[in-house]
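> Just the structure for this:
(one chain, ligands or ions: 1)
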Amino acid sequence: MTLLRHTPKETTVEREALTINPAKTCQPVGAMYAALGIHRCLPHSHGSQGCCAYHRSAIIRHTKEPVAAGTSSFTEGSSVFGGQSNLLTAIQNMFSVYDPDIIAVHSTCLSETIGDDLKQIIEKAKSEGKVPEGKQLIYCNTPSYVGSHVTGYSNMVFGMVRGLAKSTGVKNGKVNIIPGFCEPSDMAEIARLAQVMGVDGNVFPNTHGVLNAPLTGQHQMYPEGGAKLADIAASGDAIGTIGLGEWATGQAAKHLDSENKVPCNILGLPFGLEATDDYIMALSEMTGKTVPAAIDFERGQLVDMMSDYSQYFYGKRVALAGDPDQLIGLTKFLVELDMIPAYLVSGTPGNKFERAIRQITKDVPAEIKVKCPGDMFHLHQWIKQEPVDLLIGNTYLKYVSRDEDIPLIRHGFPIVDRMGHTMFPTVGYKGALRLMEKMLEAILGRRDRDDTETKFELVY
Ligand code: SF4
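Here you go, the predicted model:
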């Protein structure tokens, strides 16, 4: 807090190797999150206990749900000689003690640095009979000194289709729908929209019902939710794949396209009007289904609210920090509302991000600053140079919010000091309404607080 208060306004040195207040978390966090989107899956972290504890606690603090995961518990010996024997023993123990249907193994900085060959260890585990009949074992590499939690999520989703997807040669009429890194509530909404469209959607991973499960009074090691193994296996026979977020889903969607001959259409995460339209139209084009009146109704409600309240959003300057897929979607929506997405930083690398933002904001009559990879220190400095009306990002932005007295809309990962994100979606038409509601509350709440008595109005 004190450090942030001393954030200098001007940038005197262009930092290259140093990140301050990163706008990302580590790769295995994303891999573990994706793995939890499979029904009866036990994620496993191949590294030290400390890493696994961090990955679990990051997800637990965000979702306020219990998260079980295994660890290879590296000690000095395994750090020097490799963790193969630890992982082989762990796989055997986890299947026999906890009875998951699948174990999803990801690596860590340590196991990657010493050069453990996960592919070889996984094959050895299978050939030595450590995977019981009918059970599955998948893996992905997640060296966290590159990328972010989004890269890890993408790698694990890729691991799912590489390890599980099968092609029988007979199409099953389903559409694979791969949500990008988003909330359990968003995954549920993405699935619901497909259902309303009358599309047989195969949504995976799907953390709905796993990381927003109800309290029943009884401990359930594996909650009811999550994508079923049989459905992920059937992804190889789908008529098409829709990936929602290039960073998080492109790898898996393209693999299904090239290996299983399932054509893919990679879109953005459906935040706001146009991006949701794109998702609906992709479902329609892939299946030949017409858009039902129920979807028109939801869309119409959003358009109505946008026109009724546009005056309060017009020209408002916003600073955003988060994941590229999420920021691209949010930026589109802000532009649809005639707002100014003035500053954007993402901790997940990727040259395409800045190009995408420039394209979306090309007609916005203001300078747009983008940094990728960038951090929240950058964002804070820009805000000090020219303030904004609103912040959108994860909980860590609350320090900037307090320092600069600017309202914060919590969005992205992690959110550790508020509720609602796992229950109420921000994707789709209904999600866009919720985003609008939150932004309007922040903007008009500020006005109610700051207006003089002579300007204070009952009705705006
Ligand atoms: S050491 Fe690497 S894998 Fe482990 S918690 Fe840190 S960044 Fe993540």
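
> what about Val29, helix or strand, and which?
Counting by DSSP states H and E, the element that carries Val29 is helix 27-35.

> List the contacts of the residue in the stretch 201-350 of the chain that the ligand sits nearest to.
Relative to the ligand, the nearest point of the stretch 201-350 of the chain is Gly347 (12.4 Å; CB to the nearest ligand atom). To be clear about C-beta, it is placed using only N, CA and C from the backbone, and glycine gets the same treatment. By CB atoms under 8 Å, 6 or more residues apart in numbering, the contact set of Gly347 is Thr19, Pro22, Ala23, Lys24, Ser148, Pro373, Gly374, Asp375.

> ranking those residues by neighbours, who comes first?
Ala23 (30 neighbours; other CB atoms under 10 Å).

> Asn394 versus that one, what's the distance?
8 Å (CB to CB, to the nearest Å).

> Tell me the residues that contact both of those two, please.
Ala321, Gly322.

> related to what we said a few turns ago, show me what the helix holding Val29 packs onto, helices and strands only.
strand 41-46, helix 49-63, strand 102-107, helix 149-164 (3 or more CB pairs under 8 Å, 6 or more residues apart in numbering; DSSP states H and E).

> Quick one: work out the angle between the longest one and helix 49-63.
Which is helix 149-164. 100 degrees (axes from the mean of the first three to the mean of the last three CA atoms, to 10 degrees).

> What's the mean pLDDT across helix 149-164?
For helix 149-164, mean pLDDT rounds to 98.

> angle of it against strand 102-107?
Using the same axes, to 10 degrees: helix 149-164 against strand 102-107 is 130 degrees.

> quick one: strands adjacent to the following helix or strand past helix 149-164?
Using DSSP H and E, the helix or strand that directly follows helix 149-164 along the chain is strand 175-179. Applying DSSP bridges, strand 175-179 is found paired with strand 201-203 (parallel), strand 240-244 (parallel).

> quick revisit: for the record, mean pLDDT for the helix holding Val29?
Rounded mean pLDDT across helix 27-35 is 98.

> what domains does the record give for this protein?
With domains defined by automatic domain parsing, the chain comprises 10-14+307-450, 27-164, 175-294.

> how far is the last one from where the chain is centred?
Going back to what we said before, that points to domain 175-294. 13 Å (CA atoms, centre = their mean, to the nearest Å).

> possible to save the domains of the chain as TSV with distance to Glu457?
Output for those, formatted as TSV (distance: least, CB to CB, whole Å):
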stretch	distance to Glu457
domain 10-14+307-450	9
domain 27-164	38
domain 175-294	28
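
> ok so, going back, just name the most buried of the strands paired with strand 175-179.
Burial of the strands paired with strand 175-179 is given as mean neighbour count (mean count of other CB atoms under 10 Å); strand 240-244 ranks first at a mean of 27.

> List of residues touching that strand?
Against strand 240-244 from outside (CB under 8 Å, 6+ apart): 175-180, 182, 190, 235, 249-250, 252-253, 256-257, 262-270, 279, 282-283, 286, 325.

> switch to 6 Å and redo it
175-180, 249-250, 253, 256, 262-267, 269, 282, 286 (CB atoms under 6 Å, 6 or more residues apart in numbering).
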